[in-house]
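> Just to be clear, the model below is a prediction. Sequence and coordinates:
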Amino acid sequence: MSRLVTIDCHYVMPQLAASYLREEDGEVAFIEANTTLTVPRLLAALEKEGLSPQAVKYVIVTHVHLDHAGGASALMAACPNATLLAHPRAARHLIDPAKLVASAKHVYGEEAFEHLYGVISPIDAAKVRALDDGAEVTLGSATLRFLHTRGHANHHFVVHDVAQEVVYTGDAFGLTYPSLQRAGRFSYPSTSPTDFDGEAALASVRRITDLKPRAVGLTHFGLFEDVQVIADQLIRWLEVATARAHEGAKSGDDQGTMEQRFKWQLEQDFEVEASRAGLSLTDADRKLIRFDLELNAQGLALAALKQRG
Ligand SMILES: [Zn+2]
């Protein structure tokens, strides 16, 4: 049997973050572990499919950001036969999460961190496998292939599910929230801190489309078959972002000034792109976009700063 189930993690709100349950010949992989607080939901999805935690062979995280990897330790603890598969730069932070937790607590504050992520524990190094670019593993008779994709994060890979012709893209193929799709496709990239690199992000989008998948499985949020339509929108946003980061690098403006400018520019972009797509933005839409917009402006200002060396 071959199965692919999208699980809504209910992270912050419905249809914001997904995890994928993939089964082939009785062997199971979770792609994305969301947060510790979501793990009961992931296990409930497994049970609903009539599968046991013992059947889970892999827990896969596309990168170490906590809405993708925060639940890895709790999910591994619940699945006794599972191996964690991660990018080499991500694996070490999951074996010893002290640095990861400290920096997230620094960003969110102790209380908000507990509320969003709960407890993140170390994972036994013997159960963690770091995968090089192009590495393959088998799931039953299916093959999963891993491609390193920089741009959003330096510790990011995507998973090519050859049998399903799906690529699980993490954050390397942007954000397509179901609630913003009512007038047609409306996708945009994540250029959030701290690794954003425009040229690398563009190369990653093209690397994914070159695989000619039937569908992409986005963590934010869901499976989409109009892969090239999404790619074209991402490329347009990313070309603008890349040019702005270069201009910012040359400008001599400080980080705060650049961030303010990028934020203002992005506010205009969203209004223009929405009206171009025929999407009239509601207050709820703007609230959803606002969070990404601020992160994207911060990531871009940091990218500009790094270019100055
Ligand atoms: Zn991310």
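Nice, I can see it.

> Show me where the stretch 51-200 of the chain has its helices.
Read by DSSP state H, counting those that start in this stretch, the stretch 51-200 of the chain holds these helices, from start to end of the chain: 66-69, 72-78, 88-95, 98-108, 110-117, 198-210.

> could I get those as CSV with mean pLDDT and mean neighbour count?
Bear in mind the C-beta positions are built from the backbone N, C-alpha and C, glycine included. Formatted as CSV, the entries for the helices of the stretch 51-200 of the chain read as follows, by pLDDT from 0 to 100; neighbours: other C-beta atoms under 10 Å:
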stretch, mean pLDDT, mean neighbour count
helix 66-69, 97, 26
helix 72-78, 98, 23
helix 88-95, 98, 20
helix 98-108, 90, 14
helix 110-117, 92, 14
helix 198-210, 98, 19
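
> so which of the ones you listed comes closest to the ion?
Distances from the ion to each of the helices of the stretch 51-200 of the chain were compared using C-beta to the ion; the minimum, 6.2 Å, belongs to helix 66-69.

> And for that closest one, what's in contact with it?
The set of residues external to helix 66-69 that reach it, using C-beta atoms under 8 Å, 6 or more residues apart in numbering, is 11, 17, 32-35, 61-63, 86, 90, 94, 100, 104, 116-117, 120, 170-171, 219.

> Run the contact check for that helix versus the ion.
No. Using C-beta under 5 Å from the ion, helix 66-69 never reaches the ion; the gap is at least 6.2 Å.

> Now do that helix: distance to the chain's middle.
8 Å (C-alpha atoms, centre = their mean, to the nearest Å).

> I'd say F113 and A104 touch.
Yes. Contact criterion C-beta atoms under 8 Å: F113 and A104 qualify, at 5.8 Å.

> re earlier: got the helices of the stretch 51-200 of the chain as a markdown table, with distance to L288 columns?
As requested, those are arranged in a markdown table below (distance: least, C-beta to C-beta, whole Å):
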| stretch | distance to L288 |
| --- | --- |
| helix 66-69 | 14 |
| helix 72-78 | 26 |
| helix 88-95 | 27 |
| helix 98-108 | 19 |
| helix 110-117 | 17 |
| helix 198-210 | 21 |
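
> Specify the stretch among these that is closest to A304.
Distance to A304, taken as C-beta to C-beta, is lowest for helix 198-210 among the helices of the stretch 51-200 of the chain, at 10.1 Å.

> Which neighbouring elements make contact with the closest one?
Using 3 or more C-beta pairs under 8 Å, 6 or more residues apart in numbering; DSSP states H and E as the contact test, the elements touching helix 198-210 are helix 227-251.

> Could you check the angle the helix it packs on makes with helix 198-210?
Regarding helix 227-251 and helix 198-210, their directions subtend 170 degrees when assessed with axes from the mean of the first three to the mean of the last three C-alpha atoms, to 10 degrees.
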